[in-house]
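In: model this:
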Amino acid sequence: MKKVLFIITLVAFIALAALAFFVVRRPSRAPNAGVNPDQGGNTPPAAVLPADSEYPAAGACAEPGEENVVRVEVNQDIPSPRCQKMTAQQRLVVKNKTAETLSLWFGDNKEYAFSVEANGEYTIPQPVGELLAPRVHVLHGSPYQGPAVWLMDVATPYLYRFADYPAPDAYAGPRANVDFETSPAAAKIVGPRIIDGLTYGPNFAGHYTVIEWGCGTSCQMHAIVDAKTGGIVEYSLGSAFSLQYRLDSRLLVANPPMYLDELPEAPAGVAVEYYEMKDARLNLLARQARGETGSMVCIQVITRAKNTFTGEEKDFSTPCAVPSGWEPVTAPTSGGGGGILPYDSGVRGTVTLGPTCPVMRDPPDPDCADKPYKTTVQVIAVGSPRSSPFALAESDAEGHYQVMLPPGEYALQPVGGSVYPRCGTQTVTVEPGVVKELNFSCDTGIR
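Out: Down below sits the predicted model:
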């Protein structure tokens, strides 16, 4: 009997020792659906891990995209991509493309570590914003290293998805010549740029070509031309941080979040703008402030605006519906709260022609007074080439013009003739919330 009890006790002791050994040696695992048994990551650190650097050594980084997860690959030579941008809400999926099990970790002291079997993948279960502080983190590894992960400082979610605005199949037929009759003003202002840009073929919404040129620091201008018909849809679409668009989508985004979110702060007056190409027109869908999850709210009041290139005037449903290239003629008023205008600063004035008589008389002859001059006023950001106007304004039959601009320093010059009239250039500093007066007197050459 004693012998039996001894054997039972010995077996129980061995079983308990084996269980204790397994518990001690078994690696901890973060919850991760679909992970193979020999893969796993430890629990997240108590605080987010500080960044390894402000900017990646790899230079350019892949954009975060629109999905909830971002996928990267670890290879035997270099990871793909070498650097990946992410927003705080996205999750990271790491694919092991090698024939060996990988040990990977974030942090100098392996504060968050996990393993991935050969040709397997691992999904970090929590959003990266709960694990990593903003800026650049290196995914260390053995025997092969992973990519740099750039967690963007501000997460401005896209309000619209490119996939929700599908475009027709890409046009592959002959490219039409530019039809300047659809926009005579474009021929005078940016004709050569449009002709050159159209040679690259469609790059937006199936059969449209977006053409971009610089107009100074943080300034781009764009034209959009139908490659099938040659019709000019737009030639005065401005941006501060370029555009985002695709051949297979009718959605176009000016100052897209993926660029604005890289900045320490957004410049005054710059917002994300969403456009839809529909019925051969570019329609503004919404404007969004950096870091906001919704569109800007505007008062519902009809706003009359003027095209800065053609001088055409028409009404828009709200101040936010006024697209780039158009400026409100008068600020909307309402008994309710305030609205949002593209800019609340700019320049206005009068352009005149003189002398109008060969001999000046005393007292002056009223018939020889300077006359209003109807022309185009070019606005050039100081430091930019004169061939790249920031904006254009049209003076009316009375010589009056107005152009709304973001704060900054500009040179303005009315367009004269090949010899006369000759109009001088004036420089002005535009201040926030102020519309400055700037008048021009163009020389007719009459003596």
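In: any idea where the helices of the stretch 251-400 of the chain begin and end?
Out: 257-260 (DSSP state H, counting those that start in this stretch).
In: any idea how the chain splits into domains?
Out: Following automatic domain parsing, one gets these domains for the chain: 40-151, 162-296, 346-443.
In: mean pLDDT lowest for which of the ones you listed?
Out: Of all the domains of the chain, domain 346-443 carries the lowest average pLDDT, namely a mean of 82.
In: want to throw the domains of the chain into TSV with mean neighbour count and distance to V329?
Out: Glycine gets a C-beta too; all of them are placed from N, C-alpha and C. Below are the domains of the chain laid out as TSV (neighbours: other Cβ atoms under 10 Å; distance: least, Cβ to Cβ, whole Å):
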stretch	mean neighbour count	distance to V329
domain 40-151	17	37
domain 162-296	18	16
domain 346-443	17	8
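In: would a markdown table of those domains with distance to D315 be doable?
Out: Shown next, in a markdown table, are the domains of the chain (distance: least, Cβ to Cβ, whole Å):
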| stretch | distance to D315 |
| --- | --- |
| domain 40-151 | 34 |
| domain 162-296 | 14 |
| domain 346-443 | 17 |
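In: wait, which of those is closest to K314?
Out: Checking the domains of the chain against K314 by Cβ to Cβ gives domain 162-296 as the closest, at 12.3 Å.
In: what about E117, distance to H140?
Out: 18 Å (Cβ to Cβ, to the nearest Å).
In: typo on my end, it should be D396
Out: With Cβ to Cβ as the criterion, D396 and H140 are 65 Å apart.
In: just A148 next, same as before
Out: 11 Å.
In: same question, V48
Out: Separation of V48 from H140 (Cβ to Cβ): 17 Å.
In: would you map the strands across the stretch 301-447 of the chain?
Out: Listed in chain order, the strands of the stretch 301-447 of the chain (DSSP state E, counting those that start in this stretch) span 303-307, 313-316, 326-328, 346-354, 371-372, 376-381, 391-394, 400-404, 408-414, 426-430, 435-437, 440-443.
In: rebuild these as JSON lines, extending it with distance to Y122.
Out: Formatted as JSON lines, the strands of the stretch 301-447 of the chain follow (distance: least, Cβ to Cβ, whole Å):
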{"stretch": "strand 303-307", "distance to Y122": "52"}
{"stretch": "strand 313-316", "distance to Y122": "50"}
{"stretch": "strand 326-328", "distance to Y122": "50"}
{"stretch": "strand 346-354", "distance to Y122": "54"}
{"stretch": "strand 371-372", "distance to Y122": "72"}
{"stretch": "strand 376-381", "distance to Y122": "49"}
{"stretch": "strand 391-394", "distance to Y122": "51"}
{"stretch": "strand 400-404", "distance to Y122": "52"}
{"stretch": "strand 408-414", "distance to Y122": "48"}
{"stretch": "strand 426-430", "distance to Y122": "53"}
{"stretch": "strand 435-437", "distance to Y122": "58"}
{"stretch": "strand 440-443", "distance to Y122": "66"}
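In: backbone dihedrals for the nearest residue to M221 once chain neighbours are set aside, please?
Out: Spatially, and ignoring its direct neighbours in sequence, M221 is nearest to C215 (5.1 Å; Cβ to Cβ, 6 or more residues apart in numbering). With angles defined as degrees, to the nearest 10, C215 sits at phi -140, psi 30.
In: measure C215 to V377 for me?
Out: As for C215, its distance to V377 is 15 Å (criterion: Cβ to Cβ).
In: next one: E409
Out: 16 Å.
In: repeat for R250
Out: For R250, the distance to V377 (Cβ to Cβ) stands at 34 Å.
In: please apply the same query to T217.
Out: 21 Å.
In: go on, L102?
Out: For L102, the distance to V377 - Cβ to Cβ - is 62 Å.
In: what do you get for I446?
Out: Counting by Cβ to Cβ, the gap from I446 to V377 is 22 Å.
In: what does P432 give?
Out: P432 sits 22 Å away from V377, taking Cβ to Cβ as the criterion.
In: again, but for D261
Out: Taking Cβ to Cβ, one finds D261 at 35 Å from V377.
In: what's in contact with stretch 405-413?
Out: 240, 267-270, 343, 345-347, 377-382, 390-391, 423-432, 438, 440 (Cβ atoms under 8 Å, 6 or more residues apart in numbering).
In: same thing but at 7 Å, please
Out: Under the contact criterion Cβ atoms under 7 Å, 6 or more residues apart in numbering, stretch 405-413 has outside partners 268-269, 343, 345-347, 377-382, 390-391, 423, 425-432, 438.
In: what's the spacing between that stretch and its chain's center?
Out: Relative to its parent chain, stretch 405-413 has a centroid offset of 22 Å by Cα atoms, centre = their mean, to the nearest Å.
In: can you start the count at 18 instead of 1 from here on
Out: Right, with 18 as the first residue, what we last looked at is stretch 422-430.
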